[in-house]
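Undergrad: let me see the structure of the following:
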Amino acid sequence: MPAAAPIVHASGIIKAVRPSSRLVQITVPSMAQSVASTAAKSSFLPTDIRDELHPLVPHAIKKDPKLAGNWKKKAPGELSDDELIAMPDSEYMNDVQMAAFRLKLVALKAGILSNAGETTEHLREDTSVMPDPADRATIEEEHALELRTRDRERKLLKKIEQAISRIDANEYGYCDETGEPIGVGRLLARPTATLSLEAQQRRELKQKMFGD
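TA: Just a heads-up that it's a prediction; the model follows:
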């Protein structure tokens with residue numbers, strides 16, 4: 001039962017009033033209900049749309065003017081995300097930014113390849129010697145989940161390699177549809193992005209309307 005809420009009347013007398021249990025049930029859903037609702041909404045969307053919507057980019061990116069000149073003093077691999085964002089718009093996708101994003105993509109690629117190697121080792125585990133069927137089922141379920149994750153990473157790996165090729169061709173950071181800058185903030189959130197935020201939103205709307 002929720003704790004009583006004190007109410008002070010003009011007479012100075014303090015009375016306690018307990019909210020009805022029905023009101024509490026209506027206005028304060030449980031955490032489990034909230035999580036279930038969120039999961040249901042997320043699973044309703046197509047996978048490619050969910051993945052693209054999640055990390056798009058913050059609505060407003062603030063540049064710290066104190067960091068604006070740091071790119072001239074540091075190596076590309078030493079620059080923080082805030083320092084890359086603070087760079088002047090006139091320096092968008094200059095050699096320093098290109099090198100910084102190339103390093104990020106190469107590191108992301110290395111991480112995926114490392115995960116793939118670990119998965120191979122895990123799959124070599126022999127579950128047939130385990131006497132408990134429940135333990136075998138648990139390991140098989142873990143293997144299936146790991147394989148699905150690696151499959152998504154395999155598709156991401158292809159995008160990473162394409163992004164590195166665009167950097168080498170000096171074409172990285174610009175929208176495939178409009179030719180406009182994608183933006184440092186969006187690229188930090190999704191280094192493999194090939195569309196600006198506006199172009200991505202138009203494509204998602206078209207997918208929802210026509211199922212293309």
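Undergrad: touching, residue 182 and residue 191? I think so.
TA: No - using CB atoms under 8 Å, residue 182 is not in contact with residue 191, being 10.2 Å away. To be clear about C-beta, it is placed using only N, CA and C from the backbone, and glycine gets the same treatment.
Undergrad: neighbour-wise, which of these two wins?
TA: Neighbours were counted for residue 182 and for residue 191 using other CB atoms under 10 Å; residue 182 has more, 24 against 19.
Undergrad: tell me the contacts of the more buried one?
TA: 173, 174, 175, 193, 194, 195, 196, 197 (CB atoms under 8 Å, 6 or more residues apart in numbering).
Undergrad: now the fifth one: closest residue in space, sequence neighbours ignored.
TA: In other words, residue 194. residue 176 (4.7 Å; CB to CB, 6 or more residues apart in numbering).
Undergrad: quick one: the helices in the chain, in order.
TA: Remark: helices assigned in the chain by DSSP state H are 21-27, 31-44, 47-53, 81-86, 95-123, 133-168, 184-189, 197-210.
Undergrad: if we can go back for a sec, so how many other residues sit close to the residue nearest to residue 194?
TA: Neighbour tally, residue 176, other CB under 10 Å: 13.
Undergrad: and it, how far from residue 115?
TA: 28 Å (CB to CB, to the nearest Å).
Undergrad: do the same with residue 78
TA: Noted for residue 78: a distance of 26 Å to residue 115, by CB to CB.
Undergrad: before we move on, what about residue 63?
TA: 34 Å.
Undergrad: residue contacts, the residue nearest to residue 194?
TA: By CB under 8 Å, 6+ apart, the neighbours of residue 176 are 194, 195, 199.
Undergrad: burial count for the spatially closest residue to residue 162 that is not a sequence neighbour?
TA: In space, and not counting its chain neighbours, residue 162 is closest to residue 192: 7.4 Å by CB to CB, 6+ apart. Neighbours of residue 192 under the rule other CB under 10 Å: 17.
Undergrad: and the pLDDT at residue 192?
TA: Turning to residue 192, the model gives it a pLDDT of 95.
Undergrad: that one against residue 159, yeah?
TA: Yes - Residue 192 lies in contact with residue 159 (CB under 8 Å); the separation is 4.0 Å.
Undergrad: so which of the contacts of residue 176 wins on neighbours?
TA: Neighbour counts for these (other CB under 10 Å) peak at residue 195, which has 21 neighbours.
Undergrad: not counting its neighbours along the chain, what's nearest that one?
TA: Per CB to CB, 6+ apart, closest to residue 195 is residue 175, 5.4 Å.
Undergrad: let me see the contact set for the one you found.
TA: Contact analysis of residue 175 by CB under 8 Å, 6+ apart lists 181, 182, 194, 195, 196, 199.
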